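> I'd like to go over a predicted model; first the sequence, then the structure.
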Amino acid sequence: MTLDTLTLSFSNLQWLLSVAACIYAWLCQRQAADTAEVQALRERIVALEQQIQNIPDGDLVNELAGDMKAMNASLQGIRESLAPLTRSVDRINDFLLNQKV
């Protein structure tokens, strides 16, 4: 082995180590990016799970629909009971307006 061959071998070895370091750095950067993406997706999933927990299920919706029907029936009853009162108030109003004092 001569000095020129040894210098050439060091040059080749240095070049190979540089390429290997670049590949290693690129792989590490990809792994870090993948980890960040996975963490972001985990946070989104947790947020969606929390929102889904607060959504009413079918039984609750059916119960609320039944309550709404009961309230509508109650309001209809109140409306029917107020109709005679409205007629009486109108008659009193007409009497007072037409009375000549």
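Great, that's in hand.
> Mind jotting down where the strands sit in this protein?
Applying DSSP state E to the chain gives no strands.
> can you tell me the average pLDDT over stretch 70-79?
What stretch 70-79 shows for mean pLDDT is 94.
> can you give me the offset of it from its chain's centre?
36 Å (Cα atoms, centre = their mean, to the nearest Å).
> Pull out the CA atoms of that stretch and give them to me as PDB.
This file holds the C-alpha atoms of stretch 70-79, laid out as PDB (Å, rounded to 0.1, in the frame of the first residue of the first chain):
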ATOM      1  CA  ALA A  70     -96.900  16.300  25.400                       C
ATOM      2  CA  MET A  71     -96.000  20.000  25.500                       C
ATOM      3  CA  ASN A  72     -97.800  20.600  22.200                       C
ATOM      4  CA  ALA A  73    -100.900  18.900  23.600                       C
ATOM      5  CA  SER A  74    -100.600  21.000  26.800                       C
ATOM      6  CA  LEU A  75    -100.300  24.200  24.700                       C
ATOM      7  CA  GLN A  76    -103.300  23.200  22.600                       C
ATOM      8  CA  GLY A  77    -105.400  22.800  25.800                       C
ATOM      9  CA  ILE A  78    -104.300  26.200  27.100                       C
ATOM     10  CA  ARG A  79    -105.200  27.700  23.700                       C
END
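> measure residue 69 to residue 58 for me?
17 Å (Cβ to Cβ, to the nearest Å). (Each C-beta comes from the backbone N, C-alpha and C, glycine too.)
> who's more crowded, the two?
In this view residue 69 and residue 58 are compared by other Cβ atoms under 10 Å, and residue 69 has more residues nearby, 10 against 7.
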